[in-house]
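[1] Take this sequence and fold it.
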Amino acid sequence: MPNKQDAVKAVALTAAGLALLTACGEPKATPMNDEYAGNSGESVQSQEEESQKDSGSSGSSGSSDDTVKNHDDDPNSTKSDNKDTGNYADGTYKINGQYGPVGEDTIDVKLTIKQGNVENVDIVGHPFTSISKKHQTAFANAINGVVDGKPLKGLKIDKIAGASWTSEAFNKALEVARQEASVPSAS
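    Sure thing, here's the model as predicted:
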């Protein structure tokens, strides 16, 4: 029978492991003109099949393209080279948001800006699992009702349609959109 000291050690190790996983799940966003942006190249069906095949294992998915999808060594992976000036050019901006414990889920965000306001948002999800697909679909169906007509400047959303990670990735995409759409201030 385990003693109290062993139980305390097990709890401490579990907490340390969860802390490490939490840090790995930091959402990222990149402009869609970036070489890493978009889906990993796999179809949604192949990603779901791979996920279901590996669901019994406790390790990583074993996917050989993790370095491409995660691109943690790319210092520009979470932002644009531009600075947010608070003045935005009209246009459509495409950003890829990446999230999940190891960055396995992505959303492509197509954001149309007119006169500094969000005119429309289109979301294309690249879920890794059927659960991710459910959250991404619910998010995509709800987002326009939340952001359409709102000023891009300072826009940040809370959890939409129960999709907390997708919402966080969308907020990162908004940061990149502000940087990409920025024009110099008229002084």
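[2] Against which helices or strands is the helix or strand where residue 132 lies packed?
    Secondary structure assignment for residue 132, by DSSP states H and E: helix 130-147. Counting contacts by 3 or more C-beta pairs under 8 Å, 6 or more residues apart in numbering; DSSP states H and E, helix 130-147 packs against helix 44-54, strand 105-114, strand 117-126, helix 164-181. (Glycine included, C-beta is placed from N, CA and C.)
[3] hey, C-alpha coordinates of it in CSV?
    Written as CSV, here are the backbone C-alpha positions of helix 130-147 (Å, rounded to 0.1, in the frame of the first residue of the first chain):
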residue,chain,number,x,y,z
SER,A,130,-13.3,15.0,-34.0
ILE,A,131,-13.6,16.9,-30.7
SER,A,132,-11.5,19.7,-32.3
LYS,A,133,-13.7,19.6,-35.3
LYS,A,134,-16.8,20.1,-33.2
HIS,A,135,-15.3,23.1,-31.4
GLN,A,136,-13.9,24.7,-34.6
THR,A,137,-17.2,24.3,-36.4
ALA,A,138,-19.2,25.9,-33.5
PHE,A,139,-16.6,28.7,-33.3
ALA,A,140,-16.8,29.4,-37.1
ASN,A,141,-20.6,29.5,-36.9
ALA,A,142,-20.7,32.0,-34.0
ILE,A,143,-17.8,34.3,-34.6
ASN,A,144,-19.4,36.7,-37.1
GLY,A,145,-22.2,37.5,-34.7
VAL,A,146,-19.6,38.5,-32.2
VAL,A,147,-17.1,40.6,-34.2
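[4] so what's residue 65 scoring on pLDDT?
    pLDDT for residue 65: 34.
[5] Could you do residue 111 as well?
    Per the predicted model, pLDDT is 96 at residue 111.
[6] since we're on it, how many residues are nearby?
    For residue 111, the tally of surrounding residues (other C-beta atoms under 10 Å) stands at 26.
[7] okay but it is in contact with residue 93, surely?
    Yes. Using C-beta atoms under 8 Å as the test, residue 111 is close enough to residue 93 to be in contact (5.0 Å).
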